[in-house]
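Peer 1: Coordinates for the following, if possible.
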Amino acid sequence: MHSEDAPTRLQNAAILWSVGSSTAADVIQAACDCLVTGVDSPTLNILAGVSPARGSENQELRRWLEGALVELSLTYYREGSREGEEEALRIMARRLLAQTVTPRDLSSWAYRFITYDGTPLAADLIALESAYDYVDSVYNGHPYTGTTTADLDADVIAEARRLIGDATAESS
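Peer 2: The predicted structure is shown next:
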């Protein structure tokens, strides 16, 4: 996950925070990492100085995040925005394909943080999460089921590839 450069980590932390999947402390740490690697801007300095202590950190983050991202030519996604949800899905899909999360982690994440009310791009992953639950509870791993968790894993991987526009999704 840390193969990304510092501004990309900041962008990703901010996007995941916008959907409730990351904490303000994660975003503040990513801002500090930018400064350590020589990436600097006036508002980034303020953002990196926000106290990650529980309480007002989300308000302070809301106050400074957009300006810091814009100064670094990064994209700001408003909390709960459809665009932010779609980018968060792509971040998590890339993490799956980089093998830093499992297929079940991705489907569970989509179910928890995007939900059925979120972007339609998450619908297939959310349905797959329900399928995992069904296979786990009804068949309890017995061989008489026609669908296995390995089948579902392959479906989640194919969906992740589709989300990021990977042309090999069709061939696997």
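
Peer 1: remind me which residues of this structure are low pLDDT?
Peer 2: 1-3, 139-145, 167-172 (pLDDT under 70).

Peer 1: on contacts alone, who are the packing partners of the helix or strand that contains Leu152?
Peer 2: Using DSSP states H and E, Leu152 sits in helix 149-163. Counting contacts by 3 or more Cβ pairs under 8 Å, 6 or more residues apart in numbering; DSSP states H and E, helix 149-163 packs against helix 82-97, helix 103-109, helix 123-134. Backbone N, C-alpha and C define where each C-beta goes, glycine included.

Peer 1: ok and the last one relative to helix 82-97, angle-wise?
Peer 2: When you say that, I think you mean helix 123-134. For helix 123-134 against helix 82-97, the angle by axes from the mean of the first three to the mean of the last three Cα atoms, to 10 degrees is 50 degrees.

Peer 1: Send over helix 123-134 as CSV, restricted to the C-alpha atoms.
Peer 2: C-alpha atoms of helix 123-134 as CSV (Å, rounded to 0.1, in the frame of the first residue of the first chain):
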residue,chain,number,x,y,z
ALA,A,123,-24.0,-2.8,-6.6
ASP,A,124,-22.2,-5.9,-8.0
LEU,A,125,-19.7,-6.0,-5.1
ILE,A,126,-22.4,-5.5,-2.6
ALA,A,127,-24.4,-8.4,-4.2
LEU,A,128,-21.3,-10.5,-4.0
GLU,A,129,-20.9,-9.7,-0.3
SER,A,130,-24.5,-11.1,0.1
ALA,A,131,-23.5,-14.1,-1.9
TYR,A,132,-20.5,-14.8,0.4
ASP,A,133,-22.9,-14.5,3.4
TYR,A,134,-25.3,-17.0,1.7
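
Peer 1: Perfect, that will be all.
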